[in-house]
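1. whatever this is, show me its structure:
(chains A and B)
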Amino acid sequence: MTFIVDYDAGNLRSVQRACLEVGLQAQICADPDRLRRAERVIFPGVGAAGSAMRSLIERGLDDALREVINAGVPVLGICLGLQISLAHSEESDTQTLGLVAGEVVRFRFDQPELKIPHMGWNEVRPVKAHPLLAGIEPGDEFYFVHGYYPKPAHTEDVFALTDYEHEFASAIGRDNYFGTQFHPEKSGRVGLRLLNNFAGWNGQC
Amino acid sequence: MLSKRLIACLDVRDGKLAKSVKFVDTKDIGDPVEKAREYYLDGLDELVFYDITASSDRRNIMLDVVEAVASQVFIPLSVGGGIRSVADATDLRLAGAEKINVNSAAVLRPSLIAECAEAVGDQNVVLSMDILHVGRSSEIPSGYEIVINGGRKRMGLDALAWARSGEQLGAGELVVNSIDADGTKAGYELELTAAIAEAVRIPVIASGGAGQPDHLYDALTVGKADAALVASMVHYGEYKVSELKQHLHHRGLKMRMSW
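-> Residues are numbered from 1 along each chain as shown, chains lettered A, B, ... in the order given. Okay, here's the model as predicted:
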């Protein structure tokens, strides 16, 4: 079974519906013991890193997530779900899961015309092949909503880049974990393609 | 670099598209889900549903519409019309709305913006503002006044001041709807749109007055808007969503061109 991790962080049913559209039946799950038996996990999230981490820990989902990732289960982090997979977030100075080395920092611009959050459609430029990015072409755009962005410590963990005044990593991955800063569930056909790729992914890159 | 967004707004009454909206393809008449799907497949960037139902059981009807659309349309979906409480907002979010639009109720009770932002996230609360040009005065220094109830009631509130308050209260985005331009097809109120876009650091959506593709271009350049909202231009079959995007793209704006 595919589980969508429920830690009170956003619109899980949007993710569930988009999965269904590509034929992936996914259940929303807040129970760490059930999560440990997952064949596939989607770790979505919208909101603040601090309260999200508290909620994960309260439910015991943090350990369960680490276990499934260590067991090689394919995991897709989306937006806050990606950010929490790094080691630290500047948002409320929060220690996060540390599944991928690096940190999450706030966009800072002097130009008033650059709005924060980074909200809307922007190009996602794959820099390396990955099964989840199969069929994603340069120029394809995805939907973003975020005020903080991931800074992985190692460039080998970066799979796609996006420009918002400066370049940032919009897709990162390590072994059986893959994370997108954008929302594939709200990104039309290309987003569904990525979810479809995830539905068939065995966790190897 | 972010693309400029094209947003279409559909008015829904009793679960059906409002009668004022006529369509070329008669089989689509009355079905908001079909229309939403059509625009989505034609490259629309975002969809707004505005509930204009008057009856008391409106909420459940609208929730069904949102739920049905959200299962078929995989772009951000924004819903407004009669949102008065956090419960209204969270119900719509659960049904599949990404963003919540507040308007009159927020003017009457500004803390609604902060409450909704707390419940569904800042970036998901859109403050829609209906604005009338009244000329500068000591009470309305910008010359633009906030009105409610579809433009019938003037509130003695300066539009620029309200835009700034909305941002401070936690709105993630602003819709600038000019009552003067609305329905004229003569173009958006560019001066107003630009003034508000310069006064805040959140995205601004231009609304009201679009009749030609160049009007959208003007709103996104001279009007400094991040997104342009259209309704009758596309509902009557006069223009296709993809045509408008092509036009803006050819004029040099960054638009999402593959979908």
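
2. C-alpha only now, for contacts and for neighbours.
-> Will do.

3. can you tell me the SS state at whichever residue of the stretch 1-150 of chain B sits closest to chain A?
-> As assessed by Cα to the nearest Cα, chain A sits closest to B:Ile75 within the stretch 1-150 of chain B, at 4.3 Å. Using DSSP: H, G, I helix; E, B strand; the rest coil, the structure places B:Ile75 in coil.

4. can you check A:Leu192 too?
-> helix.

5. let's see the pLDDT reported for it.
-> You'll see A:Leu192 listed with a pLDDT of 98.

6. for B:Thr184, same thing?
-> 88.

7. before we move on, which element is it in?
-> If you go by DSSP states H and E, B:Thr184 is not part of any helix or strand.

8. re earlier: wait, doesn't the residue of the stretch 1-150 of chain B closest to chain A sit right on B:Asp42?
-> No. Using Cα atoms under 8 Å, B:Ile75 is not in contact with B:Asp42, being 11.9 Å away.

9. please identify which of the two sits among more neighbours.
-> B:Ile75 (25 against 15; other Cα atoms under 10 Å in any protein chain shown).

10. now do the same contact list for that one.
-> A:Tyr143, A:Glu185, A:Lys186, A:Ser187, A:Gly188, B:Tyr40, B:Asp45, B:Glu46, B:Leu47 (Cα atoms under 8 Å, 6 or more residues apart in numbering or on different chains).

11. tally of neighbours for the third one?
-> In other words, A:Lys186. Neighbours of A:Lys186 (other Cα under 10 Å): 26.

12. can you list the low-confidence ranges for chain B?
-> B:19-30, B:54-58 (pLDDT under 70).

13. quick revisit: phi, psi of the closest residue to the residue of the stretch 1-150 of chain B closest to chain A other than its chain neighbours?
-> Leaving aside its sequence neighbours, B:Ile75 sits nearest to A:Lys186 (Cα to Cα, 6 or more residues apart in numbering or on different chains; 4.3 Å). Dihedral pair for A:Lys186: phi -120, psi 20, per degrees, to the nearest 10.

14. surely A:Lys186 and A:Glu141 touch.
-> No. Using Cα under 8 Å, A:Lys186 is not in contact with A:Glu141; the gap is 11.0 Å.

15. can you find the helix or strand in chain A with the smallest mean pLDDT?
-> In chain A, no helix or strand scores lower on mean pLDDT, DSSP states H and E than helix A:49-58, which sits at a mean of 92.

16. give me the contact list for that one.
-> A:7-9, A:62-63, A:80, A:83-84, A:89, A:91-94, A:96.

17. switch to 6 Å and redo it
-> A:Tyr7, A:Asp62, A:Ser92, A:Thr94 (Cα atoms under 6 Å, 6 or more residues apart in numbering or on different chains).

18. nearest residue to the second one in space, ignoring adjacent ones along the chain?
-> This means A:Asp62. Counting by Cα to Cα, 6+ apart, the residue nearest A:Asp62 is A:Leu56, at 5.5 Å.

19. that neighbour: neighbour count?
-> A:Leu56 has 22 nearby residues by other Cα under 10 Å.

20. what's the answer for A:Thr155, then?
-> Residues near A:Thr155, counting by other Cα under 10 Å: 10.

21. same check, this time on A:Pro117
-> Counted with other Cα under 10 Å, A:Pro117 comes out at 20.

22. wait, it sits on A:Tyr149?
-> No. Between A:Pro117 and A:Tyr149 there is no contact under Cα atoms under 6 Å: 10.2 Å.

23. stretch B:71-81: how far from the chain's middle?
-> 12 Å (Cα atoms, centre = their mean, to the nearest Å).

24. same question for stretch B:221-241.
-> 11 Å.

25. same check, this time on stretch B:130-146
-> 21 Å.

26. which positions in that stretch come out as buried?
-> Buried positions in stretch B:130-146, judged by neighbour count with 16 or more other Cα atoms under 10 Å in any protein chain shown: B:Asp130, B:Ile131, B:Leu132, B:His133, B:Ile140, B:Ser142, B:Gly143, B:Tyr144, B:Glu145, B:Ile146.

27. equivalent analysis for stretch A:27-41, please.
-> So, applying 16+ other Cα under 10 Å, buried residues of stretch A:27-41: A:Gln27, A:Ile28, A:Cys29, A:Ala30, A:Pro32, A:Leu35, A:Arg36, A:Ala38, A:Arg40, A:Val41.

28. with respect to chain B, which of those residues is nearest?
-> A:Ile28 (13.0 Å).

29. wait, is the closest one part of a strand?
-> Yes. A:Ile28: assigned to a strand according to three-state DSSP.

30. surely B:Ile7 is in a helix?
-> No. If the criterion is three-state DSSP, then B:Ile7 is strand and not within a helix.

31. name whatever forms a beta bridge with it.
-> Listed beta-bridge partners, B:Ile7: B:Glu46, B:Leu229 (assigned using DSSP bridges).

32. I'd guessed it sits against B:Leu229; true?
-> Yes. Here B:Ile7 lies in contact with B:Leu229, judged by Cα under 6 Å, at a distance of 4.6 Å.
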